[in-house]
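**Student:** Fold the following for me, if possible:
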Amino acid sequence: MLKGKSYHIAIVGATGAVGAELLRVLERRGFPAERLLPLSSSRSAGRTVSFRGEEIGTEELSPMSFRDIDLAFFSAGGDVSRHYAPIARAAGAIVIDNSSVFRMEPDVPLVIPEINGDDVRHHRGLIANPNCTTAVALMAIYPLHLAFGVRRVFAASYQAVSGSGARAISELRSQVEAAIACSRRPVGDVPVQSPSGASHSEAAIVYPHPIAFNVLPHVDSFLPSGYTKEEMKMQNEGRRIMHLPEFRASVTCVRVPVYRAHSVAISAEFERPVSVEQAHEVLAKAPGLELIDEPQKNRYPMPLYTAGKDNCEVGRVRLDCALDNGLSFWVCGDQLLKGAALNAVQIAELL
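**Tutor:** Numbering: from 1, shown residues only. Model (predicted):
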């Protein structure tokens, strides 16, 4: 475990979307950082990041970057984590990794602090941050599990483009702008075109199809089963995080034209009978979660208002009419915060 009152911290991927959030969360929560080392690719090296009113230049990531580093946050993709996380750990740093590379390794704790924070005690210099959609969903599933014993869930995610990085945000913005520029054309007249003359489909680079005014039932790569890797993470990671090897989850992951914050529609079946009133009582007390469930007043969680918030939100709680001992509910959470940066800093605070 970390010892002392202030730490030397490295952020790998400091100029990316999650890296920027990490800097803000560390500063906002007053994490005791004596020294901050922002690390990036050679392409971004030299760019500055802001931390505690100071502009700090980023350095190019190298095997020598982790000398005298106590804690290293990794948010630069799986390939970078696979290569450099072992190097950082060998140099004596504790690594908190946001990629999927180490999540299913039996000797690497996979942690959501509100659920299995005690697991950090068993780390060997490396701790994994869970998938962002899984983290948001489990914030509501787990307290209900403690009360009623979850058996299985059926879920559909509505995932914001920021989960794919800055290029996806730019792609959505450019497609929306192109559509607005062509909005005076009669519907069905000609394909929407960007100012450069590229068709809407041709302008899709990050995703295989346009994301503006569209939804894509395709997040991550497809497996032989027909599910995607993303869709299997809720079951596989949920089993580890909840210490529930029999947990089952059938999920459809969908990318939607929302800039920030993921949403998940969940139907869950429990071992014991459950009522809406009981579920409300449990969810209202759950750490890191806010109950917003007054549909008659049009009050329910929405990504537009969850973006930028630390807590996830849950609402639309109702008895599931197709499952025994079932509940249906809707969860929203900022995937750059609870799904990534905030969760990583919360892990560090436990060390």
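**Student:** Buried residues, the worst-scoring helix or strand of the chain on mean pLDDT. List them.
**Tutor:** The least trusted helix or strand in the chain, going by mean pLDDT, DSSP states H and E, turns out to be helix 166-181, with a mean of 90. The neighbour-count check on helix 166-181 (16 or more other Cβ atoms under 10 Å) flags Ala168, Ile169, Glu171, Leu172, Ser174, Gln175, Ala178, Ala179 as buried. The way it works is simple: take the backbone N, C-alpha and C, and place the C-beta from them, glycine included.
**Student:** export the residues you listed to a markdown table and tack on distance to Ala20?
**Tutor:** Rendered in a markdown table, the data for the buried residues of helix 166-181 read as follows (distance: Cβ to Cβ, whole Å):
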| residue | distance to Ala20 |
| --- | --- |
| Ala168 | 15 |
| Ile169 | 12 |
| Glu171 | 19 |
| Leu172 | 18 |
| Ser174 | 21 |
| Gln175 | 23 |
| Ala178 | 27 |
| Ala179 | 28 |
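**Student:** Is Val161 in contact with Arg173, as I believe?
**Tutor:** No - when contacts are counted by Cβ atoms under 8 Å, Val161 is not listed as touching Arg173 (9.2 Å).
**Student:** the strands in the stretch 51-200 of the chain, which residues?
**Tutor:** 54-57, 59-60, 71-74, 94-97, 126-128, 150-159 (DSSP state E, counting those that start in this stretch).
**Student:** pLDDT on the longest one, on average?
**Tutor:** When pLDDT is averaged over strand 150-159, the result is 98.
**Student:** could you turn that strand into CSV, dropping everything but the C-alphas?
**Tutor:** Only the C-alpha atoms of strand 150-159 are listed here, as CSV (Å, rounded to 0.1, in the frame of the first residue of the first chain):
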residue,chain,number,x,y,z
VAL,A,150,-29.8,-10.9,-8.2
ARG,A,151,-29.9,-13.9,-10.5
ARG,A,152,-29.8,-12.4,-14.0
VAL,A,153,-30.3,-9.2,-15.9
PHE,A,154,-31.4,-8.2,-19.4
ALA,A,155,-30.1,-4.8,-20.4
ALA,A,156,-29.7,-2.4,-23.3
SER,A,157,-27.1,0.4,-23.1
TYR,A,158,-27.3,3.8,-24.7
GLN,A,159,-23.7,4.9,-24.9
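**Student:** Of all the strands of the stretch 51-200 of the chain, which one comes closest to Val136?
**Tutor:** strand 150-159 (8.5 Å; Cβ to Cβ).
**Student:** Which elements pack onto that closest one?
**Tutor:** helix 132-148, helix 229-242, strand 248-255, strand 262-270 (3 or more Cβ pairs under 8 Å, 6 or more residues apart in numbering; DSSP states H and E).
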